[in-house]
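>>> quick one: sequence and predicted model below, then my questions.
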Amino acid sequence: MLASQLALSLLCCSGERRAKEDPEDDKPPKRSRSAESSAKPRANKSAEPLAAAGPALLEGKSVQTVISGVLSWQDPGLASFDKRARKDLELARLLQTQKGAQVERLLDEQATRANIKRELEQAAAKVRPDGVLIFYYAGHGVRGPSGTVYFASHDLDLNKTDETGLSMRDVQDSLSKAPRGARVLLLADCCYSGELETVARALNSQGLVAASLASAESSNLSTANWTFTQTLLDSLAGEALADRDADGLVELGEVAQEVRDAMKFREQQRAGIHLPEGLQAWPLSKAINTAAAPDPKRGNYFKAPSRKGPRVGRVVETEQEQATVRFFSYADAWDEKLMTAALTPIRFTSFAEGTELTVTWQNKNWPARVIKREGDFMRITYPGWPAYWDEWVLDDRIVR
């Protein structure tokens, strides 16, 4: 059993992140997470992220940011991602537009374990007690043989994950040097990224004010798409859909809900969110073109007939019997006008606690049992496997 567990662990961290398959899309190789050059416009200009606005409400504060994006690795066992249309780089540029912001970028070869730790320690030392510290990671999440989660720095060795991987304890120790009262925002776009919650909780216990937003729960794989990071970009840029209460501000609680919905409906996975109640109303950006009147369909996801075939889309606005629907593909998006009658609500089937199921994982079927249910998500356990393999799934993973 131990040998099988080790093989399963290495299979997960080798880079086979789940990606949408669509033969009509002009997309990169299967293991890539981006499709178009960042200089190339989207198919529909109205779907362009509103990056020019920026997180204006962070201006004037002491904001220290470390962006670590790793799309290639020394270890050949870690599959590389396509380096075009890098959303990690877009996020760094967006945050850097704010007056007084200091952003350190570590991309690919620069993002070694030692370099990331050093930059985090320096950022923690510079931030003021009333300031903000942001850490973002994109790349691979790795679960070692003992179940420990690591962020795959460029120099990670899969045979020596304990010695070469960036552990959550590394992140915690580096950031704990920040002064009490400083706000810390932890962000990650990778498998098992929800493990950042352990860091946020530890920092909160030390007098910091920390939250974490991640593309996946600590027990789950994550999509190869840039869905999580693009959602952050749009929210920080003041995307009107992110201003859910139409008060002209995009608050952290609204960003978290944007992330939850994007990951659930577009990627069929559960985001990892740890958001202390006191940070729900933290305003991060000013919204652009907030809707004047409530619209029950606006902002919701539906199944719809796009020009590339049936897929999930999001209603941007409605007018009488027509809707503008935004569709997504890797790092790309486009808008189409459709009749509202063509939109089908997305519904999921869930099973009661104790139900025995067969679940797909890495293209294989595994016996499982439901141990918890929250909304449409079911937390399942795999009999005979350690508890750290328990994960949240939707019905798309259920065989019966």
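In hand now; what should we look at? All values derive from a computational prediction rather than experimental measurement. Residues are numbered from 1 along each chain as shown.
>>> tell me the contacts of G272?
193-197, 212-218, 220 (CB atoms under 8 Å, 6 or more residues apart in numbering). The way it works is simple: take the backbone N, C-alpha and C, and place the C-beta from them, glycine included.
>>> isn't L107 up against G69?
Yes - the pair L107 and G69 passes the contact test of CB atoms under 8 Å, sitting 5.1 Å apart.
>>> neighbour-wise, which of the two wins?
Counting neighbours by other CB atoms under 10 Å for L107 and for G69 shows that G69 has the greater number, 24 against 19.
>>> from the contacts of G272, which ones fall inside strands?
In this view, those that belong to strands under DSSP state E are S212, L213, A214.
>>> now do the contacts for the residue lying closest to T198 once chain neighbours are set aside.
Leaving aside its chain neighbours, T198 sits nearest to M168 (5.3 Å; criterion: CB to CB, 6 or more residues apart in numbering). For M168, the contact set (CB under 8 Å, 6+ apart) comprises V149, E195, L196, T198, V199.
>>> who does the strand or helix carrying A210 touch, helix- and strand-wise?
Here A210, judged by DSSP states H and E, is contained in strand 209-214. Packing partners of strand 209-214 (3 or more CB pairs under 8 Å, 6 or more residues apart in numbering; DSSP states H and E): strand 183-189, helix 196-205, helix 252-261, strand 272-274.
>>> if we use 6 Å, what do you get?
strand 183-189, helix 196-205, strand 272-274 (3 or more CB pairs under 6 Å, 6 or more residues apart in numbering; DSSP states H and E).
>>> identify the residues contacting the first one?
The reference is to strand 183-189. Contact with strand 183-189 is made by 132-138, 196, 199-200, 203, 208-215, 228-229, as judged by CB atoms under 6 Å, 6 or more residues apart in numbering.
>>> domain assignment for this protein?
2-286, 301-344, 356-397 (automatic domain parsing).
>>> looking at the helices and strands packed on strand 209-214, which is buried most?
strand 183-189 (a mean of 25; mean count of other CB atoms under 10 Å).
>>> pLDDT (mean, whole number) over stretch 380-395?
The average pLDDT within stretch 380-395 is 95.
>>> how far is that stretch from where the chain is centred?
Computed by CA atoms, centre = their mean, to the nearest Å, the chain-centroid distance of stretch 380-395 equals 21 Å.
>>> endpoint to endpoint, it covers what distance?
12 Å (CA to CA, to the nearest Å).
>>> ok, now how distant is the spatially closest residue to D395 that is not a sequence neighbour from M378?
Computed as CB to CB, 6+ apart, the closest residue to D395 that is not its neighbour in sequence is T349, at 4.5 Å. According to CB to CB, to the nearest Å, T349 stands 10 Å off from M378.
>>> do the same with F228
Distance from F228 to M378, by CB to CB: 22 Å.
>>> from L185, how far out is the residue most central in space within the chain?
Centroid-nearest residue in the chain, with CA atoms, centre = their mean: S215, separated by 2.6 Å. From S215 across to L185, the span is 15 Å (CB to CB).
>>> all helices of the stretch 251-400 of the chain, in order?
Along the stretch 251-400 of the chain, the stretches classed as helices by DSSP state H, counting those that start in this stretch are 252-261, 267.
>>> next, give phi and psi for T227.
phi -50, psi -50 (degrees, to the nearest 10).
>>> contacting residues around it?
By CB under 6 Å, 6+ apart, the neighbours of T227 are A262, R266, E267.
>>> need phi/psi at M168.
Residue torsions, per degrees, to the nearest 10, at M168 are phi -70, psi -30.
>>> distance of it relative to P283?
The gap separating M168 from P283 is 28 Å, by CB to CB.
>>> got a list of what the residue nearest to L279 when sequence neighbours are not counted touches?
Of all residues not flanking L279 in the chain, A211 sits nearest, at 4.9 Å (CB to CB, 6+ apart). By CB under 6 Å, 6+ apart, A211 lies in contact with L185, A200, L275, L279.
>>> between those residues, which is closest to A85?
Of all these, L185 has the smallest distance to A85: 23.7 Å, by CB to CB.
>>> hmm, what's the outermost residue in this structure?
Q320 (34.3 Å).
>>> got any ranges where this structure has weak pLDDT?
Scanning the chain for pLDDT under 70 picks out 1-60, 290-294, 400.
>>> can you do 50?
1-54 (pLDDT under 50).
>>> and A368, what is it in contact with?
Taking CB under 6 Å, 6+ apart, one finds L357, V359, I380, Y382 in contact with A368.
>>> in three-state terms, label D170 for me.
State at D170, reduced to three classes by DSSP: H, G, I helix; E, B strand; the rest coil: helix.
>>> element containing the residue nearest to it when sequence neighbours are not counted, please.
Spatially, and ignoring its direct neighbours in sequence, D170 is nearest to K117 (5.7 Å; CB to CB, 6+ apart). In the assignment (DSSP H and E), K117 maps to helix 113-126.
>>> next SSE downstream of that helix?
strand 132-138.
>>> now do that following strand and helix 196-205, the angle between them.
160 degrees (axes from the mean of the first three to the mean of the last three CA atoms, to 10 degrees).
>>> ok, the helix or strand just after strand 132-138: who's next to it in the sheet?
Counting by DSSP H and E, the next helix or strand C-terminal to strand 132-138 is strand 141-143. Strand 141-143 pairs in its sheet with strand 149-151 (antiparallel), by DSSP bridges.
>>> for T318, give its distance to R347.
Separation of T318 from R347 (CB to CB): 21 Å.
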